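Visitor: heads up, no residue letters with this:
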């Protein structure tokens, strides 16, 4: 609850006293109106106001300029509190803008559950960094629990490092982002496909059809860990597919399973004006069909060479490697007229590292350690739509958007 950290309340400052009024108790219609009505007096203005409702219990705080004589306001407030059966607190503070740290951050905490011990540990690390929690808002209660903390007074990089370590100990996910306009602006979301947007690796599904899965899987694992050059590893794996009937590509596409929440994420963010791109080290013969299915705006991938209905074991054109993924992100951002600072990259393997580094916000989704360490934030929950909570969108807003979609008809 932010009341103790509203502007002008944290401690001694200049000669500009302020009055903080806090009312707590059962909610009912008209509480806010009656509280503010009791604060009416000459030269008194509202400097800040916060209100939180939890299970029918209301906490509302109003910060006012200090009247010359607060006797009348205090008397009116006591009368309102008594009449409503609520608890009242009135305190004097000082407005000192220069003493307030300018940096403001959003700290989003996600987990299958959020035990009190985990939240206490996260709050403790925030305090250790000399920062203050100004506000806490629940973002979602299913399929994960997510809360957003508005924090002031911390260095973003230092706090991110401290909270990443604590999050690993507590087995929750934590993201630290600046509280700036980019959080509410149109963005371009660039998503890796294999093991991110969809479950599994397309090339391994093709390898299973070709009878060479163990060999391909071993090369894939080494490439994902960054132990092999991606372009060379891709050519080696594709070479093992030589002679495979091209109809296997259709079978693989039809058997694909999206990551839980993938459709919800794309649908919800598209309704808010976001642009989407798929950037994959996989193959256009599958990626283009996924892009069409989801209504994605842009896509880039490798193209398998096919002759006489069979794979030749070669890739047509240059290989889209980690540098190529980053170049595609920049190209799509330019086409969408969206600055790089408002791009979001989501990936899981070493081949995504350059793309993640180029983006304004990088998210490692159930990623290899080398990727999780490099990204701005790492998500270990299995739900891809949890990403919307990092962008300040609540579950209720997602559900409301879906309800509007069904009322309007298919889109």
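Guide: The structure has been received and is ready for your questions. Keep in mind that this is a model prediction, so the values were computed, not measured.
Visitor: pLDDT below threshold where in the stretch 51-200 of the chain?
Guide: Along the stretch 51-200 of the chain, the model assigns pLDDT under 70 to residues 95-102.
Visitor: strands of the stretch 201-350 of the chain, start to end?
Guide: 275-283, 298-307, 310-316, 343-347 (DSSP state E, counting those that start in this stretch).
Visitor: ok, which of those strands comes nearest residue 48?
Guide: Among the strands of the stretch 201-350 of the chain, strand 343-347 comes nearest to residue 48, with 31.1 Å by C-beta to C-beta. (C-beta placed from N, C-alpha, C; glycine too.)
Visitor: sorry, back to before: for the strands of the stretch 201-350 of the chain, which one ends up most surrounded?
Guide: strand 343-347 (a mean of 27; mean count of other C-beta atoms under 10 Å).
Visitor: which strands and helices lie in contact with it?
Guide: Counting contacts by 3 or more C-beta pairs under 8 Å, 6 or more residues apart in numbering; DSSP states H and E, strand 343-347 is packed against strand 188-191, helix 322-336, helix 353-358, strand 361-365.
Visitor: so how far is the shortest one from its chain's centroid?
Guide: Think strand 188-191. Strand 188-191 has its C-alpha centroid displaced from the chain centroid by 12 Å (C-alpha atoms, centre = their mean, to the nearest Å).
Visitor: let me have the helices and strands packed on strand 343-347 in JSON lines, extended by mean neighbour count and distance to residue 213.
Guide: Below are those laid out as JSON lines (neighbours: other C-beta atoms under 10 Å; distance: least, C-beta to C-beta, whole Å):
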{"stretch": "strand 188-191", "mean neighbour count": "27", "distance to residue 213": "25"}
{"stretch": "helix 322-336", "mean neighbour count": "19", "distance to residue 213": "24"}
{"stretch": "helix 353-358", "mean neighbour count": "21", "distance to residue 213": "26"}
{"stretch": "strand 361-365", "mean neighbour count": "26", "distance to residue 213": "24"}
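Visitor: in TSV, list these along with distance to residue 173.
Guide: Shown next, in TSV, are those (distance: least, C-beta to C-beta, whole Å):
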stretch	distance to residue 173
strand 188-191	18
helix 322-336	23
helix 353-358	16
strand 361-365	10
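Visitor: between those, which gets nearest to residue 17?
Guide: Closest among the helices and strands packed on strand 343-347, once you apply C-beta to C-beta, is strand 361-365, at 40.9 Å.
Visitor: helices or strands next to that closest one in the packing?
Guide: The helices and strands touching strand 361-365, judged by 3+ C-beta pairs under 8 Å, 6+ apart, are strand 343-347, helix 353-358, helix 369-374, strand 377-379, helix 387-390.
Visitor: for residue 116, find the nearest of these.
Guide: The closest of the helices and strands packed on strand 361-365 to residue 116 is helix 387-390. By C-beta to C-beta, the value is 20.0 Å.
Visitor: re earlier: wait, which of the strands of the stretch 201-350 of the chain is closest to residue 35?
Guide: strand 343-347 (40.2 Å).
Visitor: each with direction, which strands does that closest one pair with?
Guide: Sheet pairing for strand 343-347, assigned by DSSP bridges, gives strand 188-191 (parallel), strand 361-365 (parallel).
Visitor: reformat the helices and strands packed on strand 361-365 as JSON lines; add mean pLDDT and distance to residue 294.
Guide: Listed next are the helices and strands packed on strand 361-365 as JSON lines, based on pLDDT from 0 to 100; distance: least, C-beta to C-beta, whole Å:
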{"stretch": "strand 343-347", "mean pLDDT": "97", "distance to residue 294": "14"}
{"stretch": "helix 353-358", "mean pLDDT": "97", "distance to residue 294": "19"}
{"stretch": "helix 369-374", "mean pLDDT": "92", "distance to residue 294": "23"}
{"stretch": "strand 377-379", "mean pLDDT": "93", "distance to residue 294": "19"}
{"stretch": "helix 387-390", "mean pLDDT": "93", "distance to residue 294": "15"}
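Visitor: format these as a markdown table; extra columns: distance to residue 309.
Guide: Compiled in a markdown table, these are given as follows (distance: least, C-beta to C-beta, whole Å):
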| stretch | distance to residue 309 |
| --- | --- |
| strand 343-347 | 33 |
| helix 353-358 | 34 |
| helix 369-374 | 37 |
| strand 377-379 | 41 |
| helix 387-390 | 39 |
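Visitor: wait, which of these is closest to residue 244?
Guide: strand 343-347 (26.9 Å).
Visitor: can you give me the angle the closest one makes with strand 275-283?
Guide: Relative orientation of strand 343-347 and strand 275-283, computed by axes from the mean of the first three to the mean of the last three C-alpha atoms, to 10 degrees: 30 degrees.
Visitor: residues in contact with strand 343-347?
Guide: With contact meaning C-beta atoms under 8 Å, 6 or more residues apart in numbering, strand 343-347 is reached by 187-192, 196, 329, 333, 352-353, 355-356, 358-365, 367, 371, 384, 387, 391.
Visitor: now swap in stretch 363-383 and tell me
Guide: Counting by C-beta under 8 Å, 6+ apart, residues outside stretch 363-383 touching it are 110-112, 143-144, 160, 164, 171, 173-177, 195-196, 224-226, 259-261, 344-350, 352-353, 356-357, 361-362, 384, 386-387, 390.
Visitor: let's see that with 7 Å instead.
Guide: Residues outside stretch 363-383 that contact it (C-beta atoms under 7 Å, 6 or more residues apart in numbering) are 110, 112, 143-144, 173, 175, 196, 224-226, 260-261, 344, 346-350, 352-353, 356, 361-362, 384, 386-387, 390.
Visitor: now that stretch: buried residues?
Guide: The neighbour-count check on stretch 363-383 (16 or more other C-beta atoms under 10 Å) flags 363-368, 371-372, 374-381, 383 as buried.
Visitor: nearest to residue 30 among the helices and strands packed on strand 343-347 would be which one?
Guide: It's strand 361-365; of the helices and strands packed on strand 343-347, that one is closest to residue 30 (C-beta to C-beta) at 41.7 Å.
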